[in-house]
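Novice: this one's structure only:
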């Protein structure tokens with residue numbers, strides 16, 4: 001049995017589905033929570049490099065058997081048992097779960113074990129809310145029931161990143177509006193992601209995301225092919241990793257086939273995204289749906305114009321004709337038209353990029369995200385340390 005900190009610090013447990021995601025999207029929050037006096041723990045499927053980065057901050061890491069693409073009942077039950085053991089042992093004062101499985105299963109366990117407080121962050125609706133079909137509809141029905149239970153914790157806040165997701169959850173009766181909070185994204189370090197002049201040489205159009213179908217990579221590749229056949233002199237670059245656990249992952253062989261046509265280049269996964277984005281003239285991610293995509297905020301902070309889709313999450317960052325161009329989802333031809341317009345017009349790129357920088361620094365800084373989240377923690381924390389499991393909160 002793990003005991004509470006002897007110095008009386010509150011114990012905060014993050015539940016996250018992906019270690020690299022935690023490093024890029026929540027590490028600044030973990031650092032700030034430690035500075036604010038919390039005993040910080042992270043439960044995540046282990047990967048050596050990101051876990052080493054987390055532990056370097058003095059944050060405790062716990063391995064959990066979570067596979068995002070796995071929907072087998074046995075795997076989900078193993079996850080629930082592992083979370084119950086971990087939460088029962090750590091006895092956290094606050095659980096902060098991020099994304100679908102951590103929210104559903106972490107929220108369920110936190111409620112059953114009477115964890116004093118929970119922050120449950122809905123970061124997007126995910127694959128099950130996009131794919132048609134009877135089987136997926138049945139899975140959605142189960143997921144909705146689990147959401148209702150997890151979000152019914154007596155002392156919880158459900159955090160949403162965009163109003164469309166919030167409206168859907170309210171319309172479906174998945175959450176009580178009284179516990180909902182809007183925090184737009186996890187912010188970016190605008191000192192690191194700074195405005196730089198366009199690089200010399202050919203125009204570089206960059207797709208900076210996981211190479212999966214739901215991010216619109218096929219539409220990006222189709223647009224590249226259209227423009228190259230039109231004789232447009234530009235380089236079209238994919239920057240991101242494959243994601244075999246995602247059902248829409250395209251796989252490395254397909255990417256290599258795309259490269260062989262000469263239409264696109266693949267730079268693979270990169271950790272130095274500030275310097276990578278500085279090499280772009282235009283950023284494009286024609287995603288099907290998002291929570292609030294951090295990379296588009298990073299691109300805006302770097303004063304790069306963005307072409308993205310008019311869908312939830314993306315349109316919260318990119319305002320059509322103001323700091324980028326919006327196109328319909330699943331439309332490679334429309335994507336090509338928008339990209340062609342920006343490739344041909346340097347003055348427009350400069351205008352949209354400058355406005356993007358203004359939006360990023362005024363609305364989407366990491367300092368704002370951290371401040372709003374720590375304020376949420378303070379509002380939820382009981383007035384006294386509560387390190388003993390209090391019984392069921394049902």
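Specialist: Yes, it's here. Quick caveat: nothing in here was measured; it's all calculated off a predicted structure.
Novice: In the stretch 201-350 of the chain, mark out all the helices, start to finish.
Specialist: 217-229, 252-261, 273-277, 294-301, 314-317, 332-344, 346-363 (DSSP state H, counting those that start in this stretch).
Novice: Run through the neighbouring helices and strands of the fourth one.
Specialist: Counting contacts by 3 or more C-beta pairs under 8 Å, 6 or more residues apart in numbering; DSSP states H and E, helix 294-301 is packed against strand 203-208, helix 273-277, strand 282-285, strand 306-309, helix 314-317, helix 346-363. C-beta here means a position set from N, CA and C on the backbone, and glycine is covered the same way.
Novice: quick one: residue 298 and residue 176, what's the gap?
Specialist: Residue 298 sits 34 Å away from residue 176, taking C-beta to C-beta, to the nearest Å as the criterion.
Novice: quick one: which of these two has more around it?
Specialist: residue 298 (24 against 14; other C-beta atoms under 10 Å).
Novice: just to revisit the earlier point, out of the helices and strands packed on helix 294-301, which comes closest to residue 331?
Specialist: The stretch from those with the least distance to residue 331 (C-beta to C-beta) is strand 306-309; that distance is 8.2 Å.
Novice: what about the closest one, average pLDDT?
Specialist: For strand 306-309, the mean per-residue pLDDT is 98.
Novice: returning to that earlier point: could you redo the helices and strands packed on helix 294-301 as JSON lines and give each row distance to residue 49 and mean neighbour count?
Specialist: Written out in JSON lines, the entries for the helices and strands packed on helix 294-301 read as follows (distance: least, C-beta to C-beta, whole Å; neighbours: other C-beta atoms under 10 Å):
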{"stretch": "strand 203-208", "distance to residue 49": "19", "mean neighbour count": "24"}
{"stretch": "helix 273-277", "distance to residue 49": "15", "mean neighbour count": "17"}
{"stretch": "strand 282-285", "distance to residue 49": "24", "mean neighbour count": "28"}
{"stretch": "strand 306-309", "distance to residue 49": "29", "mean neighbour count": "27"}
{"stretch": "helix 314-317", "distance to residue 49": "28", "mean neighbour count": "23"}
{"stretch": "helix 346-363", "distance to residue 49": "27", "mean neighbour count": "17"}
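Novice: where exactly do the helices run in the stretch 1-150 of the chain?
Specialist: Under the criterion DSSP H, counting those that start in this stretch, the stretch 1-150 of the chain contains helices at 19-25, 27-35, 48-55, 73-90, 100-101, 107-112, 134-150.
Novice: what about the fourth one, distance to the chain center?
Specialist: Centroid separation between helix 73-90 and its chain, computed with C-alpha atoms, centre = their mean, to the nearest Å, is 23 Å.
Novice: what does the third one give?
Specialist: When C-alpha coordinates are averaged (C-alpha atoms, centre = their mean), helix 48-55 and its chain have centres 19 Å apart.
Novice: in that helix, what counts as buried?
Specialist: 50, 51, 53, 54 (16 or more other C-beta atoms under 10 Å).
Novice: What confidence value was assigned to the nearest residue to residue 280 once chain neighbours are set aside?
Specialist: If the residues on either side of it in the chain are set aside, residue 280 comes closest to residue 206, at 3.9 Å by C-beta to C-beta, 6 or more residues apart in numbering. You'll see residue 206 listed with a pLDDT of 99.
Novice: Wait, residue 206 touches residue 234, no?
Specialist: No: applying C-beta atoms under 8 Å as the test, residue 206 and residue 234 come out as separate, 10.6 Å apart.
Novice: Point out where the stretch 251-394 of the chain drops to low pLDDT.
Specialist: 382-394 (pLDDT under 70).
Novice: For the closest residue to residue 80 other than its chain neighbours, grab the count of nearby residues.
Specialist: With sequence-adjacent residues excluded and distances taken as C-beta to C-beta, 6+ apart, residue 80 is closest to residue 105, at 5.5 Å. Burial of residue 105 is recorded as 23 neighbouring residues (other C-beta under 10 Å).
Novice: In contact with residue 105, which residues are there?
Specialist: Going by C-beta atoms under 8 Å, 6 or more residues apart in numbering, residue 105 touches 76, 79, 80, 83, 146, 150.
Novice: Can you give me the pLDDT of it?
Specialist: Here, the pLDDT recorded for residue 105 equals 96.
Novice: same thing with the one 10 residues further on?
Specialist: Reading off the per-residue confidence, residue 115 sits at a pLDDT of 97.
Novice: Residue 26 versus that one, what's the distance?
Specialist: From residue 115 over to residue 26 (counting by C-beta to C-beta), the distance is 19 Å.
Novice: For those two, indicate the residue with more neighbours.
Specialist: Between residue 115 and residue 26, residue 115 has the larger neighbour count (other C-beta under 10 Å), namely 27 against 23.
Novice: Phi first, then psi, for that one.
Specialist: Dihedral angles phi and psi of residue 115 (degrees, to the nearest 10) take the values phi -60, psi 130.
Novice: For it, give its distance to residue 97.
Specialist: As judged by C-beta to C-beta, residue 115 and residue 97 stand 10 Å apart.
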